[in-house]
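>>> take this sequence and fold it.
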Amino acid sequence: MKLKRKYGFYGILFMVAVCSVFVGMFIASALRLDSVSQADTFWKEGATPSAVKVPLPGFSALAREVTPTVVNIRTTRSMGKRDIYRRFEPPPGYDEWFDDFFKKFFNNIPEQDRQQRSLGSGFIISADGYVLTNNHVISGADEIFVSLADKEEFRAVLVGTDDKTDIALIKIQADKKDFPVAVLGDSESLEIGEWVIAIGNPFGFGHTLTQGIVSAKSRVIGAGPYDNFIQTDAAINPGNSGGPLINVQGQVIGINTAIVASGQGIGFATPINMAKEILRELKDTGEVARGWLGVAIQEVSPEIARAVGLKEATGAMVTTVYKGDPADVAGIKTGDIILAINGQKVQDSRALTRMIGSLKPDSRVTMTVFRDGKTFDVTAKLQKRVDEHVAQLGKGSPQEQGVKDPLGLTVTAITPEVQREFNIPESAGVLVTEIDPAGSAARSEVQKMDIIREVDRRAVNTVDEYLAAVSARKKGQTILLLVVRGSRPLYVAVDVQ
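Numbers count the residues shown, from 1 in each chain. Predicted structure coming up:
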């Protein structure tokens, strides 16, 4: 009897336990409780919200629409005998016998022009055949040829160039008025991470499409004063230069311009808005006239901002005001920080350069200036930027600028600054910076950046010593110069005329 009671008790206990398990499972299911506690985790798990998912696009339809507007460009340029020799000149390290053999070989070639060819890309921007490309694609060309996607080829003529932004406008020579036209977009609205495609003529293979994203904006790569490149990982190779960078709407937002030779997936395109600013001027006048303020400027670092009492590191700090130029006339002083141009904020020194360069000569600009803890406005009338004038600004004494000798060579002293700039290990001798085409040295083997160490077997260490030695020779005589080119010394004979 006791045994039956004992088993009955355990049976009831088992039934209660089983029922408790089922009740617990029901409650957990109803409340959607996790089977494992999340109390100890400090990371987020689960599916990514659908709004963040990025579907991969297909570019087939886009390629069919845009490819007909892209052209392959080939150019020819005549090369004289001297150009060919310089192109194949032996590298430093070869002895004089080999150098003499090389010269004799090329000197025995009959004097005639030979053709140097180059390849690039471009895209049609008007139905009557105007084509946008890079300046370096057609620079120095004697002939320009444009071929379409269907292999039809036309001659083209140069309309206008701007080497500061590496942009050129050419015109197809044809009676056609129905060329397919690329649509220009807005590069300012471009965002990092957007899909883009590059179309061009890499290595002469013809129309080729690559895809990638916008990696960065406003890149400065040292190509010129108005650097403001779009960086992309869409493959850009030699021959792609001048071709379009296109967004997924089929609009051109950049001109493929440069690559990093030692890197992969690093290409640069000129923003199309920069081209649109100068296209009309290129078409009408063939060149671009830019405004000039007449200051040297630098970045405003956080340390400089704190030192002068500026709330944020912004604007461009004036380090030099060139006498007689617009900034000087307007009353700008060294140490001023230019914060805005015509109400538009100046983010940094390069932004100021681009903003002034986008304005036309004789434009009146209002500059917001910070000086001695106060902010005020100054008005200036811009001049035309002239390269020759800009090149002379900030140079030192005539000897530092370079002195022209009777042979037509412009030489300069090898100062510590020149040594650092051109990586010259020794200060002995003088540096050749220019060669006058009309001078007798132009018909010799002297080249720019040669270092002249001796004149007629006598060492020269200064410009004065060099000039005295050269001037001692009379017309009809020959001067023997010992020059160092790279790391290789060689003698060069120059006739005095």
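
>>> only C-alpha atoms from now on, for both contacts and neighbour counts.
Noted.

>>> residues contacting L282?
V159, G160, T161, D162, A168, L169, V288 (Cα atoms under 8 Å, 6 or more residues apart in numbering).

>>> swap the cut-off to 6 Å and go again
G160 (Cα atoms under 6 Å, 6 or more residues apart in numbering).

>>> wait, is it part of a strand?
No - with DSSP: H, G, I helix; E, B strand; the rest coil as the criterion, L282 is assigned helix and is not in a strand.

>>> how about low-confidence regions in this protein?
1-14, 16-41, 44, 46-56, 79-116, 391-392, 394-401, 421 (pLDDT under 70).

>>> spell out which residues make up each domain of it.
63-172, 183-285, 291-390, 396-495 (automatic domain parsing).

>>> of these, which stretch is the most buried?
Stretch with highest mean neighbour count among the domains of the chain: domain 183-285 (a mean of 20; mean count of other Cα atoms under 10 Å).

>>> mind checking how far it is from the chain centre?
Relative to its chain's centre, domain 183-285 lies at 11 Å (Cα atoms, centre = their mean, to the nearest Å).

>>> end-to-end on it?
Distance across domain 183-285, first residue to last, is 24 Å (Cα to Cα, to the nearest Å).

>>> one more: stretch 145-162?
Stretch 145-162 has an end-to-end distance of 20 Å (Cα to Cα).

>>> any idea how far that stretch is from the chain center?
Centroid separation between stretch 145-162 and its chain, computed with Cα atoms, centre = their mean, is 24 Å.

>>> hmm, back to that, compare the domains of the chain and give me the one nearest W43.
domain 183-285 (26.1 Å; Cα to Cα).

>>> so E303 sits in a helix?
Yes - counting by three-state DSSP, E303 is part of a helix.

>>> about what we covered before: nearest to F42, of the domains of the chain?
Of the domains of the chain, nearest to F42 by Cα to Cα is domain 183-285, at 29.4 Å.

>>> may I see the domains of the chain organised as JSON lines, with distance to W43 added?
Output for these, formatted as JSON lines (distance: least, Cα to Cα, whole Å):
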{"stretch": "domain 63-172", "distance to W43": "43"}
{"stretch": "domain 183-285", "distance to W43": "26"}
{"stretch": "domain 291-390", "distance to W43": "36"}
{"stretch": "domain 396-495", "distance to W43": "53"}
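
>>> quick one: closest of the ones you listed to E45.
Closest approach to E45 among the domains of the chain (Cα to Cα): domain 183-285, 24.9 Å.

>>> run the chain-centre distance for stretch 343-355.
Stretch 343-355 has its C-alpha centroid displaced from the chain centroid by 18 Å (Cα atoms, centre = their mean).

>>> skipping its backbone neighbours, what lies nearest G120 in space?
Spatial nearest neighbour of G120, excluding adjacent residues (Cα to Cα, 6 or more residues apart in numbering): G239 at 4.3 Å.

>>> what's the answer for P302, then?
Ranked by Cα to Cα, 6+ apart and with sequence neighbours excluded, the top spatial neighbour of P302 is A313, at 5.0 Å.

>>> tell me which stretches of the stretch 301-450 of the chain form strands.
316-321, 337-341, 344-345, 364-371, 374-381, 383-384, 403-404, 409-413, 430-435 (DSSP state E, counting those that start in this stretch).

>>> check the stretch 151-300 of the chain too.
153-162, 167-172, 183-184, 195-200, 208-219, 229-232, 244-247, 251-259, 267-271, 291-292, 295-299.

>>> any chance of JSON lines for the ones you listed, columns distance to D456?
Converted to JSON lines, those look like this (distance: least, Cα to Cα, whole Å):
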{"stretch": "strand 153-162", "distance to D456": "45"}
{"stretch": "strand 167-172", "distance to D456": "47"}
{"stretch": "strand 183-184", "distance to D456": "62"}
{"stretch": "strand 195-200", "distance to D456": "54"}
{"stretch": "strand 208-219", "distance to D456": "50"}
{"stretch": "strand 229-232", "distance to D456": "51"}
{"stretch": "strand 244-247", "distance to D456": "56"}
{"stretch": "strand 251-259", "distance to D456": "46"}
{"stretch": "strand 267-271", "distance to D456": "50"}
{"stretch": "strand 291-292", "distance to D456": "47"}
{"stretch": "strand 295-299", "distance to D456": "43"}
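
>>> E434: which of those is closest?
Nearest of the strands of the stretch 151-300 of the chain to E434, taken as Cα to Cα: strand 153-162 at 23.8 Å.

>>> give the pairing partners of the closest one; include direction for each.
Strands adjacent to strand 153-162 in the sheet, as given by DSSP bridges, are strand 143-147 (antiparallel), strand 167-172 (antiparallel).

>>> so how far is K164 from the residue nearest the centre of the chain?
Closest residue to the average C-alpha location of the chain: A223 at 3.4 Å, with Cα atoms, centre = their mean. Distance of A223 to K164, computed by Cα to Cα: 8 Å.

>>> next, the contact list for the residue nearest to G120, please.
L119, G120, N201, P202, F203.

>>> who touches the third one in this structure?
Neighbouring residues of N201 by Cα under 6 Å, 6+ apart: N72, S121, H207, G239, N240.

>>> didn't the first one look like it was pressed against F123?
So the one you mean is N72. No - the pair N72 / F123 is not scored as a contact, 8.5 Å apart, by Cα atoms under 6 Å.

>>> about what we covered before: let me have the strands paired with strand 153-162 in CSV, extended by distance to F422.
What follows is these, written out as CSV (distance: least, Cα to Cα, whole Å):
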stretch, distance to F422
strand 143-147, 35
strand 167-172, 29
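
>>> which one of the ones you listed lies nearest to A63?
strand 143-147 (17.5 Å).

>>> hmm, who's touching that closest one?
For strand 143-147, contacts defined as Cα under 6 Å, 6+ apart pick out V71, N72, I73, R74, T75, T76, E153, F154, R155, A156.

>>> what would stretch 257-276 look like as PDB? C-alpha coordinates only.
What follows is stretch 257-276 as a C-alpha-only set of coordinates in PDB (Å, rounded to 0.1, in the frame of the first residue of the first chain):
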ATOM      1  CA  THR A 257      42.900  62.700 -67.000                       C
ATOM      2  CA  ALA A 258      45.500  61.000 -64.800                       C
ATOM      3  CA  ILE A 259      46.600  57.900 -63.000                       C
ATOM      4  CA  VAL A 260      49.000  56.900 -60.300                       C
ATOM      5  CA  ALA A 261      51.500  54.700 -62.200                       C
ATOM      6  CA  SER A 262      52.600  52.800 -59.100                       C
ATOM      7  CA  GLY A 263      49.100  52.200 -57.700                       C
ATOM      8  CA  GLN A 264      46.000  50.200 -58.700                       C
ATOM      9  CA  GLY A 265      42.500  51.500 -58.700                       C
ATOM     10  CA  ILE A 266      43.600  55.200 -58.300                       C
ATOM     11  CA  GLY A 267      42.500  57.300 -61.300                       C
ATOM     12  CA  PHE A 268      41.700  61.000 -61.500                       C
ATOM     13  CA  ALA A 269      39.100  62.900 -63.600                       C
ATOM     14  CA  THR A 270      38.700  66.600 -64.100                       C
ATOM     15  CA  PRO A 271      35.200  67.700 -62.900                       C
ATOM     16  CA  ILE A 272      32.900  68.500 -65.800                       C
ATOM     17  CA  ASN A 273      31.800  71.700 -64.200                       C
ATOM     18  CA  MET A 274      35.300  73.000 -64.500                       C
ATOM     19  CA  ALA A 275      35.200  72.400 -68.200                       C
ATOM     20  CA  LYS A 276      31.700  74.000 -68.600                       C
END
